[in-house]
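Asker: quick one, fold the following:
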Amino acid sequence: MHSITEWRPARLRGIRDLTPDIRLFEIEPAGGFIPPAPGSHISVAVTIGGRPDARSYSVIGPCPEGLYRIAVKRLPDSRGGSVSMHGLAPGARLTIAGPRNHFPLAHGRPDYLLVAGGIGITPIIGMALALAEAGAPFRLLYAVRQRQDLAFAEELRERLGDRLELFVDEEGGRIDLAAALARLRPGGELYVCGPIGLLEASKRAWQESGRPVEGLRFETFGNSGRYATEPFTVRIPRLGREIMVARNQTMLEALEAAGVGMIFDCRRGECGLCTVRILAAEGPVDHRDVFFSDAQKAANTHLCTCVSRTAGGCLTIDTADRTA
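Answerer: Numbers count the residues shown, from 1 in each chain. Predicted coordinates for the structure are as follows:
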């Protein structure tokens, strides 16, 4: 079960490689262009393993030319979405939905701190450009593992000047979140998008700063975890089922394919609808969601099947399904 989405045809107008594994796509929608607000995303219909599916990608910038720009990083642990997108050629016919926005930018705040990790820069770009256009005070901290991963550094430097700070992990660059927050004016807001480690560190730093919880806003993507992605087995004793989860497959996808009734919506580890109860785990559980608190993750009693998994072995669960 998932939320109802209105789909419409579109055409891939152009592509451009930004880094060795990040590709920019320019998409022309049919039936009129809907301007995206900062933080918006579009969904793109894809076929993975012969089955229809969808992937969501943040829209980059204000798109004044009437084309949606998205950037897709080809991942070694891809479940098929990035591989499918990177296989497209200009002129390809697409089906898209949106734009929708679960990561809106609030206006009129006294200060802003924008933090992006890796491909998490994509929703942050539109925010930074909107704030620059409005003359609002802000800083953008952009962190990557290698310098070659800086997909938008030149464009942003030209537009933002010294409001942009770059951090390259292999060169010893690290974001000092506590120091960055100490410079944020009272009433200022923090916007974060990146891998789960960055999100959790930002949440801890924000909490330790004593600032109001509503001032922290974040976006996530469910492809990052603390452990390497490995295949594992899911056992459901009540149903007498044992299901294999492939390396390039989510637990939710494996359960769906096996006919286990599931409820879900976001597929991003945010809404918690696809949660199941953990009965036993042979290996460490890799919680990749932002739905559960740190304490709930440490308790290892539940997990979000759309993004979380175990680092090998067998995971024994119970689901809400009541069919044998």
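Asker: OK, contacts around residue 164?
Answerer: 128, 139, 140, 142, 153, 156, 157 (CB atoms under 8 Å, 6 or more residues apart in numbering). C-betas here are computed from N, CA, C, even on glycine.
Asker: is it in a bridge, and if so with what?
Answerer: Beta-bridge pairing of residue 164 under DSSP bridges involves residue 140.
Asker: ok so, going back, just give me the closest of the contacts of residue 164 to residue 26.
Answerer: residue 156 (18.5 Å; CB to CB).
Asker: could you identify the most distant pair in the contacts of residue 164?
Answerer: For these, the farthest-apart pair by CB to CB is 139 and 153; their separation is 15.1 Å.
Asker: more neighbours: these two, which one.
Answerer: residue 139 (19 against 16; other CB atoms under 10 Å).
Asker: so the more buried one sits against residue 163, correct?
Answerer: Yes - the pair residue 139 and residue 163 passes the contact test of CB atoms under 8 Å, sitting 5.5 Å apart.
Asker: list of residues touching the helix or strand encompassing residue 85?
Answerer: According to DSSP states H and E, residue 85 maps onto helix 81-86. With contact meaning CB under 8 Å, 6+ apart, helix 81-86 is reached by 23, 25, 44, 46, 47, 48, 53, 55, 72, 73, 74, 75.
Asker: which stretches of the chain have low pLDDT?
Answerer: Scanning the chain for pLDDT under 70 picks out the ranges 1-5, 49, 76-80, 221-224, 321-324.
Asker: correct me if wrong: residue 287 contacts residue 297.
Answerer: Yes - using CB under 8 Å, residue 287 is in contact with residue 297, at 4.2 Å.
Asker: so between the two, which is more surrounded?
Answerer: residue 287 (24 against 19).
Asker: phi, psi of that one?
Answerer: Backbone torsions of residue 287, given as degrees, to the nearest 10, read phi -80, psi 110.
Asker: how far away is it from residue 244?
Answerer: Distance, residue 287 to residue 244, using CB to CB, to the nearest Å: 21 Å.
Asker: again with residue 315
Answerer: Counting by CB to CB - residue 315 and residue 244 are separated by 11 Å.
Asker: check which element follows the helix holding residue 85 along the chain.
Answerer: strand 93-100.
Asker: what residues of that next one count as buried?
Answerer: By neighbour count on 16 or more other CB atoms under 10 Å, the buried set for strand 93-100 is 94, 96, 97, 98, 99, 100.
Asker: residue 279 belongs to a helix, doesn't it?
Answerer: No - looking at residue 279 with DSSP: H, G, I helix; E, B strand; the rest coil, it is strand, so not inside a helix.
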